[in-house]
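Trainee: fold the following, please.
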Amino acid sequence: MKVWRVVGVLAVSVGLLVSGLTSTATAAPASGCSPDPKTPLRQFRASWVSSVVNIDWPSRTGLTAAQQKAELLTWYDDAVRQNHNAVVLQVRPTADAFWPSAVEPWSQYLTGKQGGDPGYDPLAFAVAEAHKRNLELHAWFNPYRLSMGTDLNALVPTHPARQHPDWVVTYGGKLYYNPGIPAARKLVEDAIMDAVSKYDIDGVHFDDYFYPYPVAGQTFDDAATFAQYGAGFSNVPDWRRNNIDLLIQELQHLIKAAKPWVKFGISPFAVWRNKATDAAGSDTTAGVQTYDDLAADTRKWVREEWIDYIVPQVYWAGGFAAADYDKIVPWWADQVRGTDVHLYIGQATYKVGTSTQSPDWADPAELSDHLALNSTIPEVKGDIYFSAKDVRADRLGATSLLNSTWYTRPALVPAMPSLDSRPPLPVHALKASRTGAGVKLDWRSTSKDTTSYAVYRRDLLGGDWCADTDARNLVATMRATGGQQTWTDTTAVAGGHYIYLVTALDRTWDQSIPLPAAAIR
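Mentor: All right, here's what the predicted structure looks like:
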């Protein structure tokens, strides 16, 4: 057995370089080096883990702290097994909290009783365990929904809504804060920023609820609020849109002022406006349009770059007449093009094998077909699946097909140069040695900005000296744990001849140059 360190010049001479670097010593082969669309180097991959009415986690109220922790870890295990790199966890489902909030009470979905202390800090646990697995944790907040029922007195007496009942609107069998009241908007922002300031979350995430979805025969009663606060607006719809615009603008500013690296993302209903309503809209005939019905000008938020990423919920099959996946995704690609806003796609895993909306959902390949289309559109940088329990259910084998077709390799989270474009310093003193468990790598960090690492492996005798423009050679990512790092490649074949590279990654996934290298044979 020979073990040695390979200095940077070897990495240059054989062209073992991450995309963006060049080699003047040895040209890469003319064929076989094109990036494989099925193994992208960078791609956002996540599931929504929903807490409202205990959809995903906790699976029911009344579980002990230990049981809740164990359940959450099974969702993280699913993510790791599927080569996902993030989790979107709902932590404020109904103006309540999955952490000891200074603003709002404990969520009823933890203990069964609003205000009930679960005996631990769920958000602190969720962040720490996600990061151990090198998963981003995006904390998901619902801004204005107060209750899934209509009884204001069912809220704990200390709830802000009980203290300010004039902020509350009853609509569609639920309670909502009135978005037109500036003090209510500030409370929502304060509740979210309480979590941002206290926890090492990677993202603040909204779904599709702003003003509530229309309910036939009912009116969202904010006429008096418009009379009080609507100066300068000739109509209610424009005023409502401005109320939501202010929430998005103000929250983006607050987040970035506190922690510039924390991403702000929104997952709206996928139809901004139908083409028949607005020539700039999508070629759809959807019954809901976010601009008109939810007072959410999602296209404007992208164009103004008030958000860092958008995840339209394209919850329809390809070819579906009213809202065709194959038309909506390219429309959104057009909207983000030329901006710093990332486009991820919300996928309707819950419809697989259950929806009668269109026969395509009985096809195990429907979701895989979505990713095939996405792979042809450069602006699409990832996918999020709703929801975690449906991903796990694997109806029709659709999840297994996705994983075996599109998620066979790990992937780095797409970098966001608008937040930070300076890569960390490269690792130092990389060494490889054989152990009974596999090939052990040791190295030292040289940069305080390093958050995690990517490990690349090539067969030393295989002749693959292509630049790492896809993930064919990416074997793992791992969280940084200090100055001296160790990782063991348990998949290395005994007696195999390998060359390894380890790159450093910062909070926004900027990647260091891949030097030095280490070889073993």
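
Trainee: got any ranges where this protein has weak pLDDT?
Mentor: Within the chain, the stretches with pLDDT under 70 are 1-31, 463.

Trainee: show me which positions of the lengthiest helix in it end up buried.
Mentor: Looking across the chain with DSSP state H, the single longest helix is helix 236-258. Using 16 or more other C-beta atoms under 10 Å as the test for burial, helix 236-258 gives 236, 239-245, 247-248, 251-252, 254-255. Any C-beta I mention is one placed from the backbone N, CA and C, and that applies to glycine too.

Trainee: contacts only, for residue 449.
Mentor: Taking C-beta atoms under 8 Å, 6 or more residues apart in numbering as the criterion, residue 449 is in contact with 422, 424, 425, 506, 507.

Trainee: might one say that the last one is in contact with residue 424?
Mentor: No. In this structure, residue 507 sits apart from residue 424 without contact. The criterion is C-beta atoms under 8 Å, and the distance is 9.6 Å.

Trainee: more crowded one of these two?
Mentor: residue 424 (24 against 21; other C-beta atoms under 10 Å).

Trainee: so that one is in contact with residue 504, correct?
Mentor: Yes. If you go by C-beta under 8 Å, residue 424 and residue 504 touch, sitting 4.3 Å apart.

Trainee: before we move on, back to that, for the longest helix of the chain, packing partners?
Mentor: If contacts are counted by 3 or more C-beta pairs under 8 Å, 6 or more residues apart in numbering; DSSP states H and E, helix 236-258 sits against helix 182-198, helix 223-229, strand 263-266, helix 298-303.

Trainee: quick one: the helices in the stretch 401-521 of the chain?
Mentor: For the stretch 401-521 of the chain, applying DSSP state H, counting those that start in this stretch gives no helices.

Trainee: from the contacts of residue 449, which is closest to residue 140?
Mentor: Nearest to residue 140 among these is residue 507, at 19.4 Å by C-beta to C-beta.

Trainee: could you measure from that closest one over to residue 447?
Mentor: 12 Å (C-beta to C-beta, to the nearest Å).

Trainee: picking that back up, so which residues make contact with the longest helix of the chain?
Mentor: 143, 179-180, 185, 188-189, 192-193, 196-197, 204, 210-211, 222-223, 226, 229-230, 233, 262, 264, 266, 291-292, 295-297, 300-301, 304, 306-307.

Trainee: now it against helix 182-198, angle please.
Mentor: In terms of direction (axes from the mean of the first three to the mean of the last three C-alpha atoms, to 10 degrees), helix 236-258 departs from helix 182-198 by 30 degrees.

Trainee: before we move on, the earlier item: buried ones among the contacts of helix 236-258?
Mentor: The neighbour count (16+ other C-beta under 10 Å) marks 143, 179-180, 185, 188-189, 192-193, 196, 204, 210-211, 222, 226, 229-230, 262, 264, 266, 291-292, 295-297, 300-301, 306-307 as buried among the contacts of helix 236-258.

Trainee: so what's residue 137 closest to, chain neighbours aside?
Mentor: Using C-beta to C-beta, 6 or more residues apart in numbering and skipping residues adjacent in sequence, the residue nearest residue 137 is residue 130, 4.0 Å away.

Trainee: now name the helix or strand holding that neighbour.
Mentor: For residue 130, the element it lies in under DSSP states H and E is helix 122-132.

Trainee: so which elements touch that helix?
Mentor: Using 3+ C-beta pairs under 8 Å, 6+ apart: helix 122-132 touches helix 65-81, strand 86-92, strand 136-141.

Trainee: could you pull out the buried residues of the first one?
Mentor: Same thing as helix 65-81. Neighbour-count burial for helix 65-81 [16+ other C-beta under 10 Å]: 65, 68, 69, 71, 72, 73, 75, 76, 78, 79.

Trainee: with the last one instead?
Mentor: When neighbours are counted by 16+ other C-beta under 10 Å, the buried residues of strand 136-141 are found to be 136, 137, 138, 139, 140, 141.

Trainee: isn't residue 303 up against residue 336?
Mentor: No. The pair residue 303 / residue 336 is not scored as a contact, 9.1 Å apart, by C-beta under 8 Å.

Trainee: contacting residues around residue 288?
Mentor: Per C-beta under 8 Å, 6+ apart, neighbours of residue 288: 213, 214, 269, 271, 294.

Trainee: hmm, try it at 6 Å
Mentor: residue 269 (C-beta atoms under 6 Å, 6 or more residues apart in numbering).

Trainee: any idea which element it lies in?
Mentor: Counting by DSSP H and E, residue 288 is part of no helix or strand.

Trainee: now the buried residues of helix 65-81 as a markdown table including distance to residue 121?
Mentor: Output for those, formatted as a markdown table (distance: C-beta to C-beta, whole Å):
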| residue | distance to residue 121 |
| --- | --- |
| 65 | 10 |
| 68 | 11 |
| 69 | 11 |
| 71 | 16 |
| 72 | 12 |
| 73 | 15 |
| 75 | 18 |
| 76 | 17 |
| 78 | 23 |
| 79 | 21 |
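
Trainee: who are the contact partners of the residue found closest to residue 473 once you drop the neighbours it is linked to in the chain?
Mentor: Nearest non-adjacent residue to residue 473, counting by C-beta to C-beta, 6+ apart: residue 456, 4.6 Å away. Residue 456 makes contacts with 468, 473, 474, 501, as judged by C-beta under 6 Å, 6+ apart.

Trainee: out of those residues, who's nearest residue 514?
Mentor: Nearest to residue 514 among the contacts of residue 456, counting by C-beta to C-beta, is residue 501 at 4.2 Å.
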